[in-house]
Each structure stands twice: as C-alpha cells, then as structure tokens.
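S.K.: how would this look folded up:
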Amino acid sequence: MKKPNPPPPSEFALEVEIARRRALHHVHDSSRILVDVMHYTDTNHRQAYTEIVGALNTIEQRLIDLDPKTAQTKQP
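M.R.: Numbering: from 1, shown residues only. Next up is the predicted model:
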C-alpha cells in the first residue's frame, strides 16, 4: 500500500502556528504559576523550582523565535 503524499507545507502553516501559540501560552502560564507560589515552597525545593522556571523561560523564548513573522524579518 502506498503512503499518501503529505500536503504542501503551506497547508500546515495555520495548524503549526496555532500549536506554537497554544504551547507558548501554556509555557508562559506554567512559569507564572510557579513564580506566584515560589515563596510558599520548601526552601530545599526552591532551587529546583527556580531551575524549572528558567527552563520554561528558555522554551518560551524558543517558541517566540519560531514566530514566522519575526523569522522573516531576521533573515538577511
């Protein structure tokens, strides 16, 4: 059985952008939630929470960098 040919990338563009934006908002919210309760955490775990928030911020920035609008302006 032959595999169907995937549609051209332009047909996926909207779905990819929606997924990127949803992920961006969820990552941002996750980071904010953890920061809001950081002062309630056990001091033994605070460093771990801080590292998690830092990693979430890195992921958030990478998702922002994937924005097709900004990617077009960054190209020489």
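S.K.: am I right that Ile64 is in contact with Val27?
M.R.: No. The pair Ile64 / Val27 is not scored as a contact, 10.0 Å apart, by CB atoms under 8 Å. Every residue, glycine included, has its C-beta placed from N, CA and C.
S.K.: of these two, give the one with the bigger neighbour count.
M.R.: Taking other CB atoms under 10 Å, Ile64 and Val27 do not tie; Val27 has more neighbours (19 against 12).
S.K.: who's in contact with the more buried one?
M.R.: With contact set as CB atoms under 8 Å, 6 or more residues apart in numbering, Val27 has these partners: 56, 59-60, 63.
S.K.: got CSV for these, with secondary structure and pLDDT too?
M.R.: Formatted as CSV, the contacts of Val27 follow (DSSP: H, G, I helix; E, B strand; the rest coil; pLDDT from 0 to 100):
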residue, secondary structure, pLDDT
Leu56, helix, 98
Ile59, helix, 98
Glu60, helix, 98
Leu63, helix, 97
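S.K.: list the buried residues for whichever helix in the chain runs longest?
M.R.: Counting by DSSP state H, the longest helix found in the chain is helix 9-37. By 16 or more other CB atoms under 10 Å, the buried positions in helix 9-37 come out as 24, 27-28, 31.
S.K.: can I get those in CSV including pLDDT and distance to Asn5?
M.R.: As requested, the buried residues of helix 9-37 are exported to CSV (pLDDT from 0 to 100; distance: CB to CB, whole Å):
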residue, pLDDT, distance to Asn5
Leu24, 98, 30
Val27, 98, 33
His28, 97, 36
Ser31, 98, 40
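S.K.: how about those residues in CSV, adding distance to Thr43?
M.R.: CSV is the format used below for those (distance: CB to CB, whole Å):
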residue, distance to Thr43
Leu24, 31
Val27, 26
His28, 26
Ser31, 20
